[in-house]
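*Asks:* Kindly generate the corresponding structure for this input.
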Amino acid sequence: MLLDVQITLRSVVFLLGGLLPFVLGGAALESFSPARAQTQPATQAPVSQSTQAQPGIVPPVAGQTQRGGLSVVVLDPAHGGTDPGARGAGGMRESDLVLEFSDQARRALEAQGFRVRQTRQGNDDPSLDDRSAMANAQRGTVFVTLHISSTGLPGTVRVYTMTDFPAAAGTTGMITWDRAQAPFLDLSRKLGDIVQGQLSQSFKGSPSSAQAAAVRQLRTTAAPAIAVEVSSVTVEDRADLVRMAPGVADAIARGIAAFRPIYEASPAASALP
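*Replies:* Numbering: from 1, shown residues only. As a prediction, the model looks like this:
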């Protein structure tokens, strides 16, 4: 199930050539879904000794991607820990199901030559800012957050990209943490449409293009970012959802592979340090 929030900022995202680096701020969270509300504290992302002077920056993995290339996918299995997400019949929990979808997606992406990082591996619950920070610490990255809905036609899949941002209040040369997605909206929509097109071929009744929604995980991500939401936990048999995982994974992997030349030709990619 997707989330949106109103954010109280303590820090900003500084632009270098129109982009990074990013400094993590705090956040006060509330659900955008009328059926569900939650509060989640923003915690500091893990840092190495080399980044302790910049709290909240997640150190890049070894072998950082080449300038302008797209080689890393950050997968975000939504919810986790004390936040089970949507719940269905027979004790189905969104937080458990998305780990299975993420595992399938990781394998499909690695088969396409991407390096994959996951925001969580088990039943833990990183803060939403920590999830964004993992993507923001990379270069040549796309971010995919995975959800299982409690609504929608069972057996379908929808892709969401972030809604338009209101005009900035001023021209200070800085982007606040909750507007990190703003420079990447166009690329995110292109990625979302490609992935949704792949999904619509495999899952009848799915839309043909991505939809816009105020999704918290996307708002604070400084990279092309999409939310993929599978319908739904209302099915009686858990196996009906699990059987969708390979097809969803393959569509995501093929979509990102098709998006790679678009990303690498974009000004955002060429401006990366």
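*Asks:* how about the helices of the stretch 1-150 of the chain, start to end?
*Replies:* 94-111, 128-136 (DSSP state H, counting those that start in this stretch).
*Asks:* helices or strands up against the first one?
*Replies:* Think helix 94-111. In terms of contacts (3 or more CB pairs under 8 Å, 6 or more residues apart in numbering; DSSP states H and E), helix 94-111 is packed against strand 72-77, strand 115-118, strand 141-148, helix 238-242, helix 245-264. All C-beta atoms are positioned from the backbone trio N, CA, C, and that covers glycine.
*Asks:* what comes into contact with the shortest one?
*Replies:* Going back to what we said before, that points to strand 115-118. Strand 115-118 has contacts (CB atoms under 8 Å, 6 or more residues apart in numbering) with 61, 65, 71-77, 102, 105-106, 109-110, 134, 138.
*Asks:* now do the last one
*Replies:* Contacts to helix 245-264, defined as CB under 8 Å, 6+ apart, come from residues 68-70, 73, 100-101, 104-105, 107-109, 111-114, 142, 144, 157, 187, 190-191, 194-199, 201-203, 224, 228, 230, 269.
*Asks:* what mean pLDDT would you report for that helix?
*Replies:* In this model, helix 245-264 has an average pLDDT of 98.
*Asks:* and that helix, how far out from the chain's middle?
*Replies:* 14 Å (CA atoms, centre = their mean, to the nearest Å).
*Asks:* any idea of the angle it forms with strand 72-77?
*Replies:* Interaxial angle, helix 245-264 versus strand 72-77 (axes from the mean of the first three to the mean of the last three CA atoms, to 10 degrees): 140 degrees.
*Asks:* from the helices of the stretch 1-150 of the chain, which stretch is densest packed?
*Replies:* helix 128-136 (a mean of 27; mean count of other CB atoms under 10 Å).
*Asks:* Going by contacts, tell me the helices and strands next to that one.
*Replies:* strand 72-77, strand 141-148, helix 216-219.
*Asks:* if I look at the residue lying closest to residue 180 once chain neighbours are set aside, how far off is residue 175?
*Replies:* Spatial nearest neighbour of residue 180, excluding adjacent residues (CB to CB, 6 or more residues apart in numbering): residue 222 at 4.3 Å. Using CB to CB, to the nearest Å, residue 222 is found at 8 Å from residue 175.
*Asks:* Name the residue in those two with the higher neighbour count.
*Replies:* Using other CB atoms under 10 Å, the more surrounded residue of residue 222 and residue 175 is residue 222, with 27 against 22.
*Asks:* The more buried one against residue 185, yeah?
*Replies:* No: the pair residue 222 / residue 185 is not scored as a contact, 11.6 Å apart, by CB atoms under 8 Å.
*Asks:* got the phi/psi numbers for residue 235?
*Replies:* The phi/psi pair for residue 235 (degrees, to the nearest 10) reads phi -60, psi 150.
*Asks:* How many residues are close by it?
*Replies:* Using other CB under 10 Å, residue 235 has 18 neighbouring residues.
*Asks:* wait, isn't it in contact with residue 89?
*Replies:* Yes: between residue 235 and residue 89 there is a contact under CB under 8 Å: 7.4 Å.
*Asks:* quick one: low-confidence parts of this protein?
*Replies:* 3-68, 167-173, 270-273 (pLDDT under 70).
*Asks:* which residues touch the host helix or strand of residue 188?
*Replies:* Per DSSP states H and E: residue 188 is located in helix 185-202. The contact list for helix 185-202 (CB under 8 Å, 6+ apart) reads 142, 157-162, 164-165, 181, 206-210, 218, 224-226, 228, 247-248, 250-252, 254-256, 258-259, 262-263, 266, 268.
*Asks:* Repeat the analysis, applying 7 Å as the threshold.
*Replies:* Here helix 185-202 makes contact (CB atoms under 7 Å, 6 or more residues apart in numbering) with 142, 157, 159, 161-162, 181, 206-210, 224-226, 247-248, 251-252, 254-255, 258-259, 262-263, 266, 268.
*Asks:* Name only those of these that count as buried.
*Replies:* 142, 157, 159, 161-162, 181, 206, 210, 224-226, 247-248, 251-252, 254-255, 258-259, 263, 266, 268 (16 or more other CB atoms under 10 Å).
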